[in-house]
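Peer 1: how would this look folded up:
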Amino acid sequence: MKNNCDYSLQPHEKYGFLQVKPTPSVEEINRFYANEFYSGDYKNFNNSSLDVQLADQKFWEGTWNDQAKVIQEQLARPFADLEILDVGCGWAQALLHFKRLGASCYGFDPAIEAVEYGISQDLNIKHCGVESMDVFGGKKFDVVMLNNVLEHLAEPVSVMTEIRQSVLKDGGLLIVTVPNEFNKFQVAAQRLYDLEPWWVTPPAHLNYFSKSSLQAMLSGCGFHSELAVASFPLELFLLMGDNYVNDRDIGKACHAKRVQFELNLRQLGEDDTILQFYRALADANLGRQITCYAKAI
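Peer 2: Got it, this is the predicted structure:
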C-alpha cells in the first residue's frame with residue numbers, strides 16, 4: 001500500500017479533527033480514487049470492492065435496516081416519499097437497499113466502474129468528483145448520506161456547508177459515517193505492539209475524526225446532531241492478542257467474528273440491543289466507526 005511520508009497531522013483550527021498537511025489538490029484526490037482505490041494498489045487494503053460487499057451482504061443489510069429505522073423515526077415519513085442522495089456511493093449497495101424499501105435514490109462517485117455498475121442496476125447515478133455536491137441541477141434531498149467519505153476530502157467543512165445550503169432540504173436528515181481514529185482502544189493497541197499508527201494513510205485518508213470533533217463540525221455547518229452510533233470495536237481483538245495489523249488472515253478471521261456477533265443477535269431478534277450497545281460505545285468514543293445522524297436546522 002502506498003503511503004506519503006511528506007505530511008504532518010494538524011488539528012483543525014475550529015473543530016479539532018486532525019488533517020493531513022499539506023493537503024493534496026482536488027485533482028490529485030479524484031485521480032487517486034478514479035485510478036487506484038478500486039482497481040489499483042489499494043484494492044486489497046479497503047473493504048469497498050463489490051465482491052467484499054456482496055460476500056457480507058446480510059451483515060450490511062442489518063446496518064442499512066438500522067439506518068432505515070432511524071430515518072423513519074427522524075423524518076416520520078414512508079420511504080416511498082423520500083429522495084435519498086448517497087455522496088461517494090461506490091458500488092451503490094446501500095442505495096439498492098433503500099430503493100427496495102421504496103425510496104427514490106441518487107448518487108455520484110469518481111470511480112467509473114462503480115458508477116457503471118450502479119447505472120446497470122437502474123439507479124440515478126452520475127460519474128463525477130467532489131468539486132461540487134450539487135450535481136443534480138439544484139435538486140434538494142430528504143436524506144443525504146456520506147458513508148466513509150469525509151475522511152477522504154480535502155475540505156470537509158466546505159462540503160458540509162454546501163450540503164446544508166444547496167443539497168439537503170430544510171429539516172432533512174444527514175447521515176455521516178467516518179472511521180473513529182485515535183480512539184483509546186486503537187492507541188492502546190498501538191502502544192501494546194509498538195506500531196506506527198497504521199490507520200494514518202494519506203492520500204486515502206486526509207481527515208481523522210472522533211465523535212466530538214465530527215459533531216462539532218456538523219453543528220458549525222448548520223446541523224443539529226444528537227444521535228451517534230458506533231460500530232463494533234475491532235481493536236478489542238488486538239487487545240486480546242489477535243494482531244491483525246500486518247496479517248490479513250488474522251484480519252479476515254476477526255472480521256468474520258464481528259459479522260457473526262451481529263448476525264447471531266439479529267437472528268435472535270435483538271436488533272435493538274445492537275443499536276443500544278453501539279450508541280453506548282459512541283458515547284464513550286469507542287468503536288471502529290462513528291455514524292452521526294444530524295438534522296438540517
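Peer 1: show me how far the helix or strand where Asp86 lies is from its chain's centre.
Peer 2: Per DSSP states H and E, Asp86 falls inside strand 83-87. Centroid separation between strand 83-87 and its chain, computed with Cα atoms, centre = their mean, to the nearest Å, is 14 Å.
Peer 1: by contact count, what packs against that strand?
Peer 2: Packing contacts for strand 83-87, counted by 3 or more Cβ pairs under 8 Å, 6 or more residues apart in numbering; DSSP states H and E, involve helix 93-100, strand 104-109, strand 141-147. All C-beta atoms are positioned from the backbone trio N, CA, C, and that covers glycine.
Peer 1: quick check: mean pLDDT of it?
Peer 2: Averaging pLDDT along strand 83-87 yields 97.
Peer 1: listing partners with orientation, what would you give for that strand?
Peer 2: Strand 83-87 pairs in its sheet with strand 104-109 (parallel), strand 141-147 (parallel), by DSSP bridges.
Peer 1: I'd like those strands as CSV, with mean neighbour count, mean pLDDT and distance to Asp242 appended.
Peer 2: Output for the strands paired with strand 83-87, formatted as CSV (neighbours: other Cβ atoms under 10 Å; pLDDT from 0 to 100; distance: least, Cβ to Cβ, whole Å):
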stretch, mean neighbour count, mean pLDDT, distance to Asp242
strand 104-109, 23, 96, 33
strand 141-147, 23, 97, 26
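Peer 1: which parts of the stretch 151-297 of the chain are helices?
Peer 2: Counting by DSSP state H, counting those that start in this stretch, the stretch 151-297 of the chain has helices at residues 156-162, 184-193, 211-220, 235-239, 248-267, 271-283.
Peer 1: tell me which of these sits nearest to Ile119.
Peer 2: Nearest to Ile119, of all the helices of the stretch 151-297 of the chain, is helix 156-162, at 23.8 Å by Cβ to Cβ.
Peer 1: and the closest one, what does it pack onto?
Peer 2: Using 3+ Cβ pairs under 8 Å, 6+ apart, helix 156-162 sits against helix 211-220.
Peer 1: could you check the angle helix 271-283 makes with the helix it packs on?
Peer 2: Orientation of helix 211-220 against helix 271-283 (axes from the mean of the first three to the mean of the last three Cα atoms, to 10 degrees) gives an angle of 90 degrees.
Peer 1: hang on, the earlier thing: which residues touch the strand holding Asp86?
Peer 2: Strand 83-87 is contacted from outside by 92, 94-95, 98, 103-108, 130, 133, 136, 139, 141-147, 149, 163, 167, using Cβ atoms under 8 Å, 6 or more residues apart in numbering.
Peer 1: related to what we said a few turns ago, mind putting the helices and strands packed on strand 83-87 in a markdown table, distance to Asp122 included?
Peer 2: As requested, the helices and strands packed on strand 83-87 are exported to a markdown table (distance: least, Cβ to Cβ, whole Å):
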| stretch | distance to Asp122 |
| --- | --- |
| helix 93-100 | 8 |
| strand 104-109 | 10 |
| strand 141-147 | 19 |
